[in-house]
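> Sequence and predicted structure, then a few things I'm wondering about:
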Amino acid sequence: TCRARSRDRRDVIARRGVTMSLYRDRDHVTMRSSGAAHRTAPRSMMVCVSPGPLVLLLLHMVAALFFSEAAGIPLAPTESDADTDTDTYRMVAKSDCGGFDIKPQPACGGNRNLSVAVLEACCDTTRGCGGFNTHGVIKTTACADHVHPQPTTDLYLKPGCNTFENKSSCPAPRCAWTPAASGGGGNCSQTPPAPPAPPPPFVAPTMPWPFPNDEQMSTGATTVVLSHDFAISRAAGPACPTLDTAVKRYQEQTVGLHVALPQATDAAPLLRQLLVTVGVLDESYPQLNTTDRGHEAYTLTIPIDGSPATVTADTIWGAMWGLESFSQLTHFNFTAQGYSIARAPWRLHDVPRFPHRGLMIDLSRHFQPLASIRGIIDSLAYVKMNVLHLHITDEQSFPMQSMSYPKLWDAAFSAQERYTQLDLASLVEYGRLRGIRLMVEFDVPGHSKSWCLSYPEVCTTCTAQKGSTLPLNPARNATFQMMESLLGEMTGGSASTPGAPRGLFPGNMVHLGGDEVDADCFNRDPEIAAWMAKRGMSDTDAYAYFTQRVSAMAKAQGRRVVQWAEVYANVGTQLDKSSIVHIWRSPHIGRKPAFNRYISPAEVVADGYQTLVNIGYDPTSWYLDNLHNDWASFYKNEPCLNISDADCTQFVLGGEGEMWGESVDASDLAQTVWPRLAAVAERLWSPRNTTDPLAALPRIQAFRCLLNRRGIAAAPVTNKAARSAPQGPGSCYQQ
């Protein structure tokens, strides 16, 4: 036949190099032949002929004659050609690929008043173009891999070069399109547009991440060169293996990424040594310190007179943060092939704003191998974060070994996706050596379905309602016997003290969850309903009974309890004053019952409770699984919103980035966390007035590249959606 039906309502007629396409909508037919402009006619003019070169040529001539100026139809594309299409573009209705725009936009694009025909021509003559939308935005070849619904625009894709795998098949530009002065049509030149000029050489910002306490910082204008035998050492004093290990690690991290050439001995100014001095060489497990927020402070000096640079701190943890800052100020000069530090002399006294600066990772929705967790611990130290919160069990799996209830880990995803207690102890020690404490979470009474696989006696018999999770059974002593035994394994039964760590997790904090509980399940379970009736309890009373009883167990074992805000919302000021309220709900996600309502940090502080903040599912969310929240939106989250500076210091302990694991495993953990977590780290360390994302942009781009150099798979900074690949070739500093 003479006509082949295409998938997007076009009829393509082809013979001996002549191609005609008929695009049919409800009322009109749009015709295009190779090398000819668009023509539009009423649908009644559609024809079909038998194959043959003479007949096809005649059809071409008749069509050209019919659509001539005499018929009142212009030969060149115009702004009214909104419904036209060609045989090379595929329309995806009400869709876009936000974040995959060519930058800068070519002169022929970027205008929502342009017709499809003009935009096609613009795309054809723009290197790296894979399509456009009807707002006039020209897209990269990666666009088709990231299409998403967008009701305000249609997307046009160029087949054959829409994926990274097929970019080599992109057709070459036909000609350079020059829009006419009238805005309709233009002329073609066979000379392709010149490629854009290369960007100027990038100069890495000479400021560590997170931004230091700038009120006590001074710098100069001299560059000092590190000698080829530069060494980090600590001042004479008692043995301290933890600090010695840190010094060795930072020696490699500072001057071990590249091999330097020996400098001439008369090179000036020359820096030969960094000397570390610590007031109290206490290697005990790091703990939350709410009385002395300066215990992580450090002072860094870098002179220009040839004397040693210095890091001084009261604790080994503060010394580690000083070493991290020094390592970030040191850059490799590829021209001189040596290390140097700009803007010397430096004097920097730095102290964190909050004592709890953390990341939560979810080990229950996907198993994370030990190597992945160690990589996360390494990277937390690079931003001076000091807590790794392990959400270790949930509905989906229970991967942790218990000695008292050995069948619990039968609910692991597989026999190979488990953590022995020795594994966890090794992670705890790995974190301690880097100044990072590990906090375990049992999210109870909800989020515990996996517990029921081998121990159904501690569970309810109902099915959880949508948006909530099945709770453990508060009517049976077996439930609380299990909780007390598990907590005892974690805590060792008492508080850790200097030189005497207790339990598998020696940090004196434990997280007991308490969120998203289907309390109405207590009414639907006959045994629990009878138990509540006998005691005159409601379902929310039973929830409060469970959370407070388990909290009292942990407190008796020397641990300070952290619970999600639903617990406070349920019991209010009856909550033990030592409890820490962990706020996660935004105003947008309130649920029934009433204790699932939004709780603001200001409300908790007003009642005299200390709090951790990481509002989720919000435009400024710190939930890392909110993939469309970029680093700049994270940066805008103020933990002490509507809270005075004095109350902020007393009651707000800090916050966390939360990496829920539904769509994260070892393959994408690092690039989902980084570099967005760096924005959280800076808001938790730096002064309250450090709030400008534009000022922070070049620094976070440089820090992302530093993470990459250190082996951390941090995603590009300017991604529209987190963890996606770079949009195309280019410098690490400009992605």
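Perfect, I can see it now. Keep in mind it's a predicted model, so treat the numbers as computed, not measured. Residues are numbered from 1 along each chain as shown.
> okay, CA-based contacts and neighbour counts for the rest of this
OK.
> Can you give me the first-to-last residue distance of stretch 284-302?
Start-to-end span of stretch 284-302 (CA to CA, to the nearest Å) is 30 Å.
> same thing with stretch 402-412?
Using CA to CA, the two ends of stretch 402-412 sit 12 Å apart.
> Spell out, range by range, the helices that occur in the stretch 251-400 of the chain.
316-329, 370-382 (DSSP state H, counting those that start in this stretch).
> Quick check: which of those helices is buried the most?
Burial of those is given as mean neighbour count (mean count of other CA atoms under 10 Å); helix 316-329 ranks first at a mean of 24.
> In CSV, could you pull the C-alpha coordinates for that helix?
Extracted in CSV, the C-alpha atoms of helix 316-329 (Å, rounded to 0.1, in the frame of the first residue of the first chain):
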residue,chain,number,x,y,z
ILE,A,316,39.5,14.2,70.8
TRP,A,317,36.1,14.6,69.1
GLY,A,318,36.7,18.4,68.7
ALA,A,319,40.2,17.6,67.4
MET,A,320,38.8,15.4,64.7
TRP,A,321,36.5,18.1,63.5
GLY,A,322,39.6,20.5,63.4
LEU,A,323,41.5,17.9,61.3
GLU,A,324,38.6,17.6,58.9
SER,A,325,38.5,21.4,58.4
PHE,A,326,42.3,21.5,57.8
SER,A,327,41.9,18.6,55.2
GLN,A,328,39.2,20.6,53.3
LEU,A,329,41.3,23.8,53.2
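> what's the average pLDDT for that helix?
The average pLDDT for helix 316-329 rounds to 98.
> before we move on, the earlier item: right, and the helices of the stretch 251-400 of the chain - which one's nearest Pro456?
Smallest distance to Pro456 across those (CA to CA): 29.7 Å, for helix 370-382.
> Quick one: mean pLDDT over the closest one.
On average, helix 370-382 scores 98.
> If you tally nearby residues, what's the number for the residue lying closest to Ile377 once chain neighbours are set aside?
Spatial nearest neighbour of Ile377, excluding adjacent residues (CA to CA, 6 or more residues apart in numbering): Gly431 at 6.2 Å. By the criterion of other CA atoms under 10 Å, Gly431 has 25 neighbours.
> Tell me the secondary structure of Gly431, please.
helix (DSSP: H, G, I helix; E, B strand; the rest coil).
> so who does the closest residue to Met400 other than its chain neighbours touch?
Nearest residue to Met400 in three dimensions, chain neighbours excluded: Tyr419, at 5.0 Å (CA to CA, 6+ apart). Residues near Tyr419 by CA atoms under 8 Å, 6 or more residues apart in numbering: Pro399, Met400, Gln401.
> One more: Ile102?
Contacts of Ile102 (CA under 8 Å, 6+ apart): Gly128, Cys129, Ile138, Lys139, Thr140.
> Give me the secondary structure label for Met91.
strand.
> now the angle from the longest strand seen in the chain to helix 316-329?
Ranked by residue count under DSSP state E, the longest strand found in the chain is strand 222-234. Interaxial angle, strand 222-234 versus helix 316-329 (axes from the mean of the first three to the mean of the last three CA atoms, to 10 degrees): 150 degrees.
> Nearest approach to Pro106 belongs to which of the helices of the stretch 251-400 of the chain?
Closest among the helices of the stretch 251-400 of the chain, once you apply CA to CA, is helix 316-329, at 37.3 Å.
> For the closest one, which helices and strands make contact with it?
helix 241-255, strand 270-278, strand 298-302, strand 309-313, helix 370-382 (3 or more CA pairs under 8 Å, 6 or more residues apart in numbering; DSSP states H and E).
> For those, please prepare CSV with the additional fields distance to Thr290.
Listed next are the helices and strands packed on helix 316-329 as CSV, based on distance: least, CA to CA, whole Å:
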stretch, distance to Thr290
helix 241-255, 23
strand 270-278, 21
strand 298-302, 18
strand 309-313, 18
helix 370-382, 20
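> coming back round to it: pull the most distant pair out of the contacts of Ile102.
So, the contacts of Ile102 by CA to CA: farthest apart are Gly128 and Ile138, at 9.7 Å.
> neighbour count winner among the two?
A side-by-side neighbour count of Gly128 and Ile138, using other CA under 10 Å, places Ile138 first with 31 against 20.
> residues in contact with that one?
Counting by CA under 8 Å, 6+ apart, Ile138 has contacts Asp101, Ile102, Gln105, Pro106, Gly109, Gly110, Leu119, Cys123, Cys129, Gly130, Gly131, Phe132.
> same thing with Ala721?
Ala721 makes contact with Gly99, Leu627, His628, Asn629, Asp630 under the criterion CA under 8 Å, 6+ apart.
> what's the closest of the contacts of Tyr419 to Arg357?
Proximity of these to Arg357 (CA to CA) peaks at Met400, which lies at 24.8 Å.
> what about the closest one, distance to Leu438?
15 Å.
> same deal with Ala144?
From Ala144 over to Leu438 the distance is 41 Å, taken as CA to CA.
> Give me the more crowded residue out of the two.
For Ala144 versus Leu438, neighbours defined as other CA under 10 Å are more numerous around Leu438 (29 against 24).
> low-scoring stretches of the stretch 151-300 of the chain, by residue?
In the predicted model of the stretch 151-300 of the chain, residues 160-205, 263-268 satisfy pLDDT under 70.
> rewinding a little: among the helices and strands packed on helix 316-329, which comes closest to Lys94?
Nearest to Lys94, of all those, is helix 370-382, at 39.1 Å by CA to CA.
> residues in contact with that closest one?
Here helix 370-382 makes contact (CA under 8 Å, 6+ apart) with 321, 324, 386, 388, 423, 427, 430-431, 434-436, 666, 669-670, 707, 712.
> Just the buried ones from these?
By neighbour count, with 16 or more other CA atoms under 10 Å, the contacts of helix 370-382 hold 321, 324, 386, 388, 427, 430-431, 434-436, 669-670, 707, 712 as buried.
> Among the contacts of Ala721, which one sits closest to Ile615?
Of all these, Ile615 sits closest to Asn629, with 12.4 Å by CA to CA.
> What count of nearby residues applies to the residue nearest to Asp244 when sequence neighbours are not counted?
Spatial nearest neighbour of Asp244, chain neighbours left out: Arg234 (7.8 Å); criterion: CA to CA, 6+ apart. By the criterion of other CA under 10 Å, Arg234 has 18 neighbours.
> list the contacts for Arg234?
Asp244, Val247, Leu275, Val276, Thr277.
> Check Pro369 too.
Neighbours of Pro369 in contact, by CA under 8 Å, 6+ apart: Glu417, Ala666.
> got it, and Arg524?
Per CA under 8 Å, 6+ apart, neighbours of Arg524: Cys462.
> phi, psi of it?
phi -90, psi -10 (degrees, to the nearest 10).
> quick one: it and Leu472, what's the gap?
Distance, Arg524 to Leu472, by CA to CA: 13 Å.
> Please apply the same query to Gly110.
According to CA to CA, Gly110 stands 57 Å off from Leu472.
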